[in-house]
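Participant: Dropping the sequence and predicted coords here.
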Amino acid sequence: MTTIFGIRHHGPGCARSLVKALDALHPDLVLIEGPPDADELMGAVANASLKPPVAILVYDAESPRRAAFYPFAEFSPEWQAMKWAAANLVTMRFLDLPCMHHFAIEATKEQASTAAVAAVAPEGAGEGPVETKADEPGSARHDPLQWLAKADGYSDGERWWNDRVEEREHDADLFAAVAEALTTLRTELALPELERDLRREAWMRRGIREAEKAGAQNIAVVCGAWHVPALRQAVRAADDAALLKGLPKAKVRATWAPWTYERLAVASGYGAGIESPGWYEHLWQGGSETTVRWMTKAARVLRTADVSASSASSIEAVRLAHALAGLRGRPKPGLPETMEAMGAVFCEGDPMVLSLLRRPLLIGERLGELPEGLAQLPLQEDIERQQKTLRLKPTASVTPLELDLREPGGRARSVFLHRLSAVKINWGRKGDVRGGKGTFKEQWSLKWEADMVLAVIDASSFGNTLVAAAEARLTKAAAADPTLENLVALLEHALLAELPGAGEAILSRVQAAATAVDDPPGLLRAIAPLARLARYGSVRQMDLDQVRVIATGLATRAHIELPASVSGLADEAAEALAKLIGGHDEAIRLLEVVALTEEWRAVTRRIMEHGSAHALLRGLCTRMQRDADALDGGEAATRLSHALSAGQTPDSAAAWLDGFLGGGGAVLVHDPELLGLLHGWLGRVPPDYFQAVLPLLRRTFSRFTGPERGQIGQSITQLGGGGGRGESGGTTLRIDEVRAKPAVDMTARLLGLTQHPEFHDENLEC
Amino acid sequence: MNTALRAHAETDYAHELTALAAQDDRPRPPQWKLSPWAVTDYLLGKTLADGTVITPKYIGDRRTIEVAVSTLATDRALLLLGVPGTAKSWVSEHLAAAISGDSTLLVQGTAGTGEEAMRYGWNYARLIAEGPSDAALVPSPIMRAMREGRLCRVEELTRMPSDVQDTLITILSEKTLPVPELGREVLAAKGFNVIATANNRDRGVNELSSALQRRFNVVVLPLPATIDEEVLIVSQRVASMSKALSLPAEVPALQEIRRVVAIFRELRSGSTEDGKSKVKSPSGTLSTAEAISVVTSGLALAAHFGDGALKAADIASGMIGAIVKDPVQDPVVFREYLETVVKERDGWKDLYRACRDQLK
C-alpha cells in the first residue's frame, strides 16, 4: 500500500497533520521529495544537536557554482517526516530526481548557449534546483492555487492556502482533500508542463514502483501537493523509463549547512520562500489563543523599542483583528489581519514603527546549528584553502597585521582580505594607513568571530568560490544603491580586491550616477576616491582611463558650483566643507591634469577673495594659494594682516587663522614675516578680544606637532631680538631700580644666591 | 432639483444606500443602518445583484477601508490621518452616512474650538432665568450622537487646543458625559462612536496626548499609489463636480487629466515617473484634491471664456496657482521643471508654452 501526502514546503499545518497521519499509518518506508544525492545525510536528523533551520546543500564537485539548497525549518513537513522516521527506526529515502542529473543537464545546456554570463551569476536565477520548488503551489510563477482561492472567494492563493490548510485546527481527511483539489486543478487547468517536471515526476513514480517491488508493504510518500496527481496517475513503467533514459550525470557532493529564518523568507529571493517564518513557527508551536499570544509577542517586541504598547492596546488589537477577520469572512485572524490591527492600534498607522517588527517577529532571528564535524560549505572550504596558502590563521583574539604591497605575498593577502570584506565576512578590519598617502603599506587587524560562519553561509548564496561570491556581491550592491558615493566606494573595493568583472560592472554605473549628483559637497566627496583610483589603479592592473575621465568631468562641475556655496555657512558646515576642499586639493594633485590644476587655482583664489565666504574657507584657500606659490610672500602677509585686523570679529579672525594654519605649523617656521605679523597681532589684541580668541587659537595651535611648536617658539625668541623673551615680546618693563633692589636682594638670599652684578643688569632690562 | 451647492453624502447617494440596505442580510451592529460588509461595499463600490451600481467613494487599498470599518464595528474610535487632500473628510463623511445614515453631527476643530463644542453649552438667557436645567442646556454634536447612538465626526482634531481634545478621553473610555451642573450624566447609547481626522503635516500643532492617542485606532490614508489610480480619482470627481456646478464644458479628455496628475505626482515625489531624473519639489503639498480643483477651474475657464473644450492654457493658470505657493522659491522650481522635463516631452509643447507664458 502506498499513501501519498501532498504537502506544502514549510507549511506548519501540513507538518502537524503529517505527523498525526504518520502515527496512524505507521509505514515501513518513508519516501520524501528531496535529492537522493543526500540520502546518507538523512540519518543526522536523529542527532539532537542538528538544530533547524538547516539546509541540505548539494553542489557540483567540479564547478561548485552550480548548487542547490534544500532548507528545512522545525515546521517543515519534510523535516518532521525525517524526524518521525528516525525516531521510529523506519527506513527513509529521498525520492526526487537526483541533482547529479539536474546539474549535468544544465551543464550541457550552458555549453550549448555559451552566453557570456559566466563571470557574474545573479543570485538564485539559473542556479538549478533552487528554482525547482518555484513551481509548487502558491508560487509567483504559476500560482495555480489562485483558481481555487477565487472559487472560494479569496483574493490570492497564498491566503487561501493559509486559511484552509495551514491555520486550520482540525485535520481530518486534509490530505485526501488536498489531493482531490489539486487533481481537479491540474486536470482542468492543463497548464503546459515543464520538461524537468515531467522528468522529476517520472523519476518519483519509478522510485515508488521500485520500492513496492522491493517488498515494502506500507509506503508513505511525502511530496509537494502539486505532484500528487502525477504520482497517482497510472503511467506505464516503460513510458517513465523512456523519459529517464540516458540522463547525463555529474559528480556531486552534499552537505548540511546551518540556515537562518532570514534566508527562508521570500525577501532573500529563495524560490519556495515563505513570507513570515516567525508566524509559521508561532503556528507550529500551536496552543490555544494563537492571535492573543502573537499580539502579546508583538507588544513585547515593540516595548523594547520604546513604543508604548500596553496590554490595553493588545486587547484592542486582538479585537480589531477578530473584527477584520470577520469582515473578510475568515475563520480566524491570519497574518495580514494581525499586522493591520497592530498598525492601527500600536503604531499610529506609521509603517516605520510596524517595520520594527519585521526582523524580530515576522522573520525571527533563529539560526540553525550543526553538530561538530559535519561537513562544510564549498565557499568555506575555498576560504580555508586560501587561508592555508597565505598562512593566515583564524584566531579569536585580535591579531595585527602589516602588509607590504610591493611584495607578492603581501599583495595576495591584501587582495584576499579585501575579497572577504567584499562578501561581508569582516574577519580583517583595515586600519588607517599611517601618513595617509602611503600606498604600499596596509594595516589590518584580524579577529575571527563565531558568527562569521553565518556570514559565510550568507555569502555562499552569491557563489561557491570567494572570487565569484565577491564579484556577485559587489555587483549586486552597486545595483541596490546606485548613489555616486556608494559606487565609488564599491569601485575602490573592487580594485583593491582585484575583481575586474565587478569593477567594470560598477564603472558603467558610476558614469550614470555622476550626472545625477549636483551638490558641491557630493561632487567633492566623489572626486577624491576616483582620483586616487585613477592614480594608483594601474598598480593593480586595471584599465582606469575611464575613471580619470569621469573624475575630471566631476571636478570641472565642482569648480563651477563651489564658489557659490561657500557663503552663509554655519561653523560645522564650513568645517565639513573645509575637509572636503582639503581632500579635493589632494585629488587635483593626484589627477595631474594641467587644465584642472589651473582651474582649481582660480577657484581657490575666488574663494580667498570672496568677501562673504566663511572665514575658515578663506583662510584655507589663502593657504592653498600660498602653498601653490600663487601668492608672493607679501600678499600672504597682507591677507593675514587683513584677516586679523581690528575690524574683524574675534571669531572670524580665529577661524581664518584656523583655516590658514590648519594644514600644519611649518609655514610659520619657515616664513618669519608671517610669524612676525602673527606675533605682533597677538601682542596688540585687547584683553577682551584675547579672551574670546584664546580657546580657538589654542585649538588651532594644539594641532601642530611637538617639534613644530618647539621650532615656532625658538623662532619667536629670535624674533624679539637679543633680549626678547616670553609673551610680552620686546617691551621693556619699567622698574624702579632703587625700590626693587631690596626685594631682589631678599629673594636672592632666600634662594641662597650670592649677589652678582650681571644678574642684576640683565633682569632689570627686560 | 436640489438647490444646495453641495448635498450631504446621505442625500446625494440615497439611492445607493437604500439599495444596499434592501439587499443587506448580514448581521448589523446595534444602531447601524448597514452591516459592516455593506458599508465596505458602499465605500469601495460594487455592482449589486439587482443591478444597482454602487460607485466607489474611495479609490485605493481595500484593506485601509476594511480596517476603518472594523474599528468602528469594535466600538473603538477611529482616527484618519493623512496629508492634506487625501480624502480624510470625504471618507469620514461617507462612513458616517453609511453607518448612521447621517453625516451632519460634526465638530470642526480650529484653534478657537471651545469645550462647549465638544461637551455642551448653555442658553444663557434661560440659564439666568431658570438656573441650570435640561431646557437651558445646549447639547454638542457629540452629546447628541451619544444620546441617539450615532456617529459623530471630529474634523481636524489636532487643530484644537489640547485641553479641548482631552475632553474626548472620558467620552471615549467611559462612554459617558457627566453634566455636573445638573448632577447627571449622558450615557452613550449603543452605536455611538467618533471618527476624527487629523493632518499628518501639522501633527505638531497640538499633538494628541498619549492618553487620548491610545483611545483611537489610527488609519493612515496614503497618497494615491499609482498614476492610474490618481487619474481615476481626479476624473471621477471632476465629472461629478462639473455636473454640480452645471458647467457647459465638455468632460475633459483623460489625456488632459493625466498630464495634470503626472505633473503633480512628479513635483510631489521629486522624481519623474520613469525615475530617470530628479526634480525639485515646491513648498505646497500638491494633493489630489488640488489636482481636482485645477481641472475644474480649467473647465470653468474653458466654459465661460473659451470654446468649451479644455485646453492647455485653461489648465496652466490653475496649475501655476496650485504649484506656486511661495512667491520666491516656487517659480524657480517650476520653471526648472518646465525647462528640463515638460519641454522635452512629446506632445507637451502646448502645455509648456502655456505655462511659460503665464509664469512671469
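Facilitator: Okay, I see it.

Participant: domain parsing for chain B?
Facilitator: B:9-220, B:227-358 (automatic domain parsing).

Participant: can you list the residues of chain A near chain B?
Facilitator: A:308, A:310, A:312-313, A:316, A:319-320, A:322-324, A:326-328, A:336, A:340-341, A:343-345, A:347-351, A:516 (Cβ under 8 Å from any Cβ of the partner chain). For the C-beta atoms, the positions are set from N, CA and C on the backbone; glycine is no exception.

Participant: from these, which would you call buried?
Facilitator: A:313, A:316, A:319-320, A:322-324, A:326-328, A:336, A:340-341, A:343-345, A:347-350 (16 or more other Cβ atoms under 10 Å in any protein chain shown).

Participant: now stretch B:114-130, how far from the chain's geometric center?
Facilitator: Distance of stretch B:114-130 from its chain centroid, counting by Cα atoms, centre = their mean, to the nearest Å, is 31 Å.

Participant: re earlier: out of the residues of chain A next to chain B, list just those in helices.
Facilitator: Mapping the residues of chain A next to chain B onto helices (DSSP state H) picks out A:312-313, A:316, A:319-320, A:322-324, A:326-327, A:336, A:340-341, A:343-345, A:351, A:516.

Participant: Show me which residues of chain B sit near chain A.
Facilitator: For chain B, the contact set with chain A under Cβ under 8 Å from any Cβ comprises B:36-37, B:40, B:63, B:66-67, B:69-71, B:73-74, B:76, B:81, B:210, B:213-214, B:217-220, B:278.

Participant: just checking, next helix/strand downstream of the top helix by length along chain A?
Facilitator: Counting by DSSP H, the longest helix found in chain A is helix A:571-591. Downstream of helix A:571-591, the next assigned helix or strand under DSSP states H and E is helix A:594-609.

Participant: pLDDT of that following helix, averaged?
Facilitator: Helix A:594-609 shows a mean pLDDT of 86 in the predicted model.

Participant: same check, this time on stretch A:95-105
Facilitator: Stretch A:95-105 comes out at a mean pLDDT of 88.

Participant: Now do that stretch: everything it contacts.
Facilitator: A:31-37, A:58, A:60, A:66, A:68, A:128-129, A:132, A:196, A:199-200, A:203-204, A:207-208, A:221, A:223, A:247-252, A:254 (Cβ atoms under 8 Å, 6 or more residues apart in numbering or on different chains).

Participant: if we can go back for a sec, buried among the residues of chain B next to chain A? Make that a ChimeraX selection.
Facilitator: Only the buried entries of the residues of chain B next to chain A go into this ChimeraX selection, using 16+ other Cβ under 10 Å:
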select /B:36,37,40,63,66,67,69,70,71,73,74,76,81,214,217,218,219,220
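
Participant: Which residue comes closest to the residue in the stretch 501-650 of chain A that chain B sits nearest to once chain neighbours are left out?
Facilitator: Going by Cβ to the nearest Cβ, chain B is nearest to residue A:516 of the stretch 501-650 of chain A, at 6.5 Å. Spatially, and ignoring its direct neighbours in sequence, residue A:516 is nearest to residue B:278 (6.5 Å; Cβ to Cβ, 6 or more residues apart in numbering or on different chains).

Participant: residues touching that neighbour, list them.
Facilitator: When contacts are counted by Cβ under 8 Å, 6+ apart, residue B:278 touches A:516, B:270, B:271.

Participant: where does chain B dip in pLDDT?
Facilitator: The model of chain B has pLDDT under 70 over residues B:1-2, B:202-204, B:247-252, B:275-277, B:360.

Participant: Could you give the backbone dihedrals for residue 218?
Facilitator: By default, I'm working from chain A. phi -140, psi 100 (degrees, to the nearest 10).

Participant: not what I meant, chain B
Facilitator: According to degrees, to the nearest 10, residue B:218 has phi -110, psi 130.

Participant: can you count the residues close to residue A:393?
Facilitator: Residues near residue A:393, counting by other Cβ atoms under 10 Å in any protein chain shown, number 10.

Participant: right, I mislabeled it, should have said residue A:242
Facilitator: Neighbour count of residue A:242, defined by other Cβ under 10 Å: 11.

Participant: what do you get for residue A:554?
Facilitator: Neighbour tally, residue A:554, other Cβ under 10 Å: 24.

Participant: now swap in the one 3 residues further on and tell me
Facilitator: With neighbours defined by other Cβ under 10 Å, the count for residue A:557 comes to 17.

Participant: Nearest residue to the residue sitting nearest the centre point of chain A in space, please, no chain neighbours.
Facilitator: In chain A, the centroid-proximal residue (Cα atoms, centre = their mean) is residue A:424; its distance is 6.4 Å. Using Cβ to Cβ, 6+ apart and skipping residues adjacent in sequence, the residue nearest residue A:424 is residue A:455, 5.6 Å away.

Participant: Could you do residue A:223 as well?
Facilitator: Nearest to residue A:223 is residue A:33, by Cβ to Cβ, 6+ apart, at 3.9 Å.

Participant: What's the per-residue pLDDT of that neighbour here?
Facilitator: 91.

Participant: From chain B, how far out is it?
Facilitator: To chain B, residue A:33 is 35 Å away according to Cβ to the nearest Cβ, to the nearest Å.

Participant: So that residue is in contact with residue A:94, correct?
Facilitator: Yes. Contact criterion Cβ atoms under 8 Å: residue A:33 and residue A:94 qualify, at 7.4 Å.

Participant: got the contact list for stretch B:94-106?
Facilitator: B:8-10, B:13, B:17, B:20, B:31-34, B:38-39, B:42-43, B:57-58, B:68-69, B:72, B:78, B:93, B:141-142, B:144-145, B:150-155, B:191, B:195.

Participant: Weed out the non-buried ones from those.
Facilitator: B:9-10, B:13, B:17, B:20, B:31-34, B:38-39, B:42-43, B:57-58, B:68-69, B:72, B:78, B:93, B:141-142, B:144-145, B:150-155, B:191, B:195.
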